[in-house]
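In: Any chance you could fold what I've pasted below:
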Amino acid sequence: METVLVSEEAAGRPHDTVLDCVQKTEKMKEMVPLAIIAICVLPAVLGNLIHFQLVGALLNGFVCFLVAGLLIRVVNKFFISPYQTFRYKGAAERLARDIQAGNQPIVQKRIWWQDTPGALAITRQGQLAIMDHNTRYQRLCLRPDQIVAVGVEREVTHVTDTRHGGRFTIGGLSRGGLFGGYTFGGRSRSTTRTIETAFLEIQYQLDRNGVTYITVVPFGTTRRDAEALCTTIKRLGQTA
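Out: Numbers count the residues shown, from 1 in each chain. Alright, predicted model coming up:
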């Protein structure tokens, strides 16, 4: 049986722009926390060590490490995460244009940018085209017999919100007389929300009995869309 996947017909040239975007963004995500820790912790520790104050170096280092951790969380939330989303969303849109530019007409398409950008499309001839980090953003076309398994997985997260309602009494009637006491306290009410996220997992082999590769397509809370695409991919062999 002919196996043609990474070739002039099955895959396009590597999308160097997207690959470079992902590599630089991932490197930035690694370097920024290290730089924050170095800037916050090293001066305090070295300053005490120069004066042979070991206990002071340990205490100041611990406090500065906690401060650095707080700064890292703030930077991740308000800078790195929005920047990554902006960059990866633009990269995914470029992949969508590239995957559409193939010779075969596209009947269905999906892009994503969580974790890393990616795109997939189903061609009119019944093939599945994928461009993601695993393919180094080459256009990979899979025949139905090369798709090992397709399934929808889900992750469930429980988020608990606690609200405190207090009461404060400066006086009142009691058996001991008027305004006989002070009352502090209140009640706490907790509400738990369940957040379910779905993703489509596609397993495929480039060669018979070869290595199995996996592409994960996030769908967020739209599990029905993931199930619909899963069914479509499973039926490729029947409709091709």
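
In: residue ranges for the strands of the protein, please.
Out: In the chain, the strands defined using DSSP state E lie at 106-112, 118-123, 128-131, 140-142, 147-169, 173-174, 177-178, 183-205, 212-220.

In: Between these, which one is closest to A68.
Out: Closest to A68 of the strands of the chain is strand 147-169 (CB to CB; 26.7 Å). Quick note: C-beta positions are derived from backbone N, CA and C, even for glycine.

In: Let me know which of the strands of the chain is the nearest to V74.
Out: strand 147-169 (20.6 Å).

In: Quick one: mean pLDDT over that closest one.
Out: Here strand 147-169 scores 76 as its mean pLDDT.

In: Stretch 95-112 too?
Out: Here the average pLDDT along stretch 95-112 is 86.

In: Can I get it in CSV, CA atoms only?
Out: Listed next in CSV are the C-alpha coordinates belonging to stretch 95-112 (Å, rounded to 0.1, in the frame of the first residue of the first chain):
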residue,chain,number,x,y,z
LEU,A,95,-2.5,28.5,9.1
ALA,A,96,-6.1,28.7,8.0
ARG,A,97,-5.1,30.6,4.9
ASP,A,98,-2.4,28.1,4.1
ILE,A,99,-4.5,25.0,4.7
GLN,A,100,-7.1,26.6,2.4
ALA,A,101,-4.6,27.2,-0.3
GLY,A,102,-4.1,23.5,-1.1
ASN,A,103,-5.1,22.0,-4.4
GLN,A,104,-8.1,20.1,-2.9
PRO,A,105,-11.3,21.9,-2.1
ILE,A,106,-12.1,22.3,1.6
VAL,A,107,-15.5,21.4,3.0
GLN,A,108,-14.8,22.0,6.7
LYS,A,109,-12.2,23.8,8.7
ARG,A,110,-11.1,24.4,12.3
ILE,A,111,-8.4,26.5,13.8
TRP,A,112,-7.2,26.9,17.4
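
In: tell me, what residue is most central in the protein?
Out: D115 (3.8 Å; CA atoms, centre = their mean).

In: how about the strands of the chain in TSV, adding distance to A35 and mean neighbour count?
Out: As requested, the strands of the chain are exported to TSV (distance: least, CB to CB, whole Å; neighbours: other CB atoms under 10 Å):
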stretch	distance to A35	mean neighbour count
strand 106-112	29	16
strand 118-123	29	24
strand 128-131	32	25
strand 140-142	36	24
strand 147-169	30	11
strand 173-174	62	10
strand 177-178	65	8
strand 183-205	31	13
strand 212-220	29	17
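
In: quick one: which of those is nearest Q53?
Out: Counting by CB to CB, and looking across all of those, nearest comes strand 147-169 at 41.8 Å.

In: Among the strands of the chain, which comes closest to T17?
Out: strand 128-131 (12.1 Å).

In: mind checking how far that closest one is from the chain centre?
Out: 20 Å (CA atoms, centre = their mean, to the nearest Å).

In: Give me the packing partners of that strand, helices and strands only.
Out: helix 81-100, strand 118-123, strand 140-142, strand 183-205 (3 or more CB pairs under 8 Å, 6 or more residues apart in numbering; DSSP states H and E).
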